[in-house]
Each structure stands twice: as structure tokens, then as C-alpha cells.
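S.K.: Pasted the sequence and its predicted model underneath.
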Amino acid sequence: MDDRSPAEPLPAHVAANREAWDRWAPEFEPRGRRAWAEASPSWGIWNVPESEVGLLPPDPAGLDVIELGCGTAYVSAWLARLGARPVGIDNSPNQLATARMLQAEHGIEFPLLLGNAEAVPYPDASFDLAISEYGACLWADPEAWVPEAARLLRPGGRLVFLTNHPVFMLVTGELEDDPPAGDRLLRPYFHDRRYTWPDETSVEFHLAHGEWIRLLRNCGFEVERLVEIQAPEQPSYGGGGGLPGEEVPFGLASREWARQWPTEEAWIARKRD
Ligand SMILES: C[S@@+](CC[C@H](N)C(=O)[O-])C[C@H]1O[C@@H](n2cnc3c(N)ncnc32)[C@H](O)[C@@H]1O
């Protein structure tokens, strides 16, 4: 592992999320292992195949890629198999330990950095693609990580990120054993972008659609697509989301719910020339 890491102290939300993800890392190992074994990408908690959502550039071969909040780094592994040159950065030493173990098992090597995606130790214009699947795009402050992604990308480069849809955030409970998403609004749409959970020490960030568009444009991006992901009718177990037999992935929402409303969304934006 590359041991370049940002100067301490970390911002409070980054330190809190490091502690939380180091604690959660063992639970995520089986999902990471499963996703690393998949030959082709599929996305989010419903494992929607890349062929249906088209989040990646048509030919990633030769692209320099930074994965922001790579976790177990299966997205980088898929991209490496497609001929790209990924670098993964993550804030959790324990998540990176899983990523390193899976690299060794699969014989696929790429740099893994311990660090905060809000301050990546690479020069300007180092990458063609910045990608994050429920990574820094959810757990880092968008007012910091989006400008950083813009700095890291070359003109014409793409930012792709997948996170919770605001509709889902309106109807999801606050406690781990709350029921999955229902049909009643439980939270305001207009809120501070920061979410803390009553029973957790971690911090998430969620923006309304208008706020994402404002921020992306202010940082020099053109929004190309917003993909609002619908759960497929039948289970598909391709990637790092739901596991076989898991009817309500992560306890978040039933397939029936996610057939009617979006649990997650992916943004694709291009850095202006
Ligand atoms: C859901 S996981 C990773 C997603 C990845 N697709 C996977 O499942 O392996 C979220 C990751 O974001 C990382 N993370 C949280 N805050 C971060 C930050 N500020 N900078 C970099 N990584 C961060 C966490 O350490 C965690 O590994």
C-alpha cells in the first residue's frame, strides 16, 4: 500500500467515519469478496448490470482512474480488468486491508492509498475518470470532495458517482432496526446536507437534486446524466450490493418498494474543457 496520507488532524466527520468504517469492515468483506469475483460490473444494492445503466465510459482501457472511497476496491478491480489504470483512496485502514487481501488473491495490483478523498495527494489533472459507489460521495463533504474531484480530473474527464436517492432518504427511518422504506415522509427534503444517526457516530452527506446541480456546475462540470435506479424485477447477484437470499439489502428497502420508487441514483458529469 502507498503510505502517503493526509496531514493530521482529520476533519471531525472524517475521523468519525474512519472509526466507524474500521469497525464495519469485517461485515463488508464477504460483499467485497463476492464483487471481486464478478467478471463484469453491476451497481448498487440491486446489482443492476452495467449493460443496463451504462455508468462507465464505453472503453475504459488506458484511462487513469481514481476511486474515491474505494472500500474493498472491487470497482477498481473491474476497471483494471477492463484495461484502465485505477488508484483507490480510502479513509479506513481496515477496509484497505480487505482490498489488499483481495488484490493478492486475484493477482490484480493497483495503488491503494490511505487518505481523505477531500484532499487527495495527486497533482491537478492526473485522472480521466473519478468514480465513487457509495464511497466518498456519501461519506465525505460534497463541498470539499466535488471540487477536489474537479481538480484531479483532466479537461473532458468524467465524474461518476452512485449514492442514495433523496426520495429514499425522505422515507427511511433513523434507527438500525426501524422498518425498511415505507410510503410516509419521515424527514424534511430541505435540510442541512449533513446526516448523523442517533445510534451511530458516523456522518453521511445527502444533497437535494438542485444542490447537486449547483455544486457540480460551480466546480466546472456539465451534468450529462442522472440515472435514477429502479430495482430489477428479478434478483441479480452480480456485484457488491445485495447478497443471495437477502430480500431487503442492508435492511433498506424491499424490491417491491424499489420497483416503485428509487433507492439510489448515479450522476455522470463531464469536466468542462
Ligand atoms: C460503502 S463503503 C465502500 C464502497 C465500495 N464500493 C465497497 O463497497 O467496497 C464506503 C467507503 O467510503 C470510505 N470513506 C468514507 N469517508 C471517506 C473519505 N473522506 N475519504 C475516502 N474514503 C472515505 C469508507 O472508509 C468506506 O470504505
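M.R.: Everything's here; your move.
S.K.: What residues does the stretch 1-150 of the chain have near the ligand?
M.R.: 14, 17, 21, 28, 32, 69, 71-72, 74-75, 89-92, 95, 116-118, 133-136, 139-140 (C-beta under 6 Å from any ligand atom). (Glycine included, C-beta is placed from N, CA and C.)
S.K.: Report all helices and strands that the longest strand along the chain contacts.
M.R.: Secondary structure of the chain per DSSP state E: the longest strand is strand 153-164. With contacts taken as 3 or more C-beta pairs under 8 Å, 6 or more residues apart in numbering; DSSP states H and E, strand 153-164 sits against strand 127-133, helix 136-139, helix 142-152, strand 221-229, strand 264-271.
S.K.: and that strand, anywhere near the ligand?
M.R.: No. Using C-beta under 6 Å from any ligand atom, strand 153-164 stays clear of the ligand, coming no nearer than 8.5 Å.
S.K.: Can you give me the buried ones in that strand?
M.R.: 153-154, 157-164 (16 or more other C-beta atoms under 10 Å).
S.K.: now swap in stretch 166-186 and tell me
M.R.: 166-169, 171-172, 180-181.
S.K.: Over to stretch 182-197 now: how far is its first residue from its last?
M.R.: 18 Å (C-alpha to C-alpha, to the nearest Å).
S.K.: nearest spatial neighbour of the closest residue to the ligand within the stretch 1-150 of the chain, skipping sequence neighbours?
M.R.: Going by C-beta to the nearest ligand atom, the ligand is nearest to G71 of the stretch 1-150 of the chain, at 2.5 Å. Nearest non-adjacent residue to G71, counting by C-beta to C-beta, 6 or more residues apart in numbering: Q95, 4.9 Å away.
S.K.: hang on, the one you found packs against W21?
M.R.: Yes. If you go by C-beta atoms under 8 Å, Q95 and W21 touch, sitting 5.6 Å apart.
S.K.: burial measure for the nearest residue to P155 once chain neighbours are set aside, as a count.
M.R.: Distances taken as C-beta to C-beta, 6+ apart place D273 nearest to P155, at 4.4 Å, with adjacent residues excluded. The local packing of D273 (other C-beta atoms under 10 Å) involves 8 other residues.
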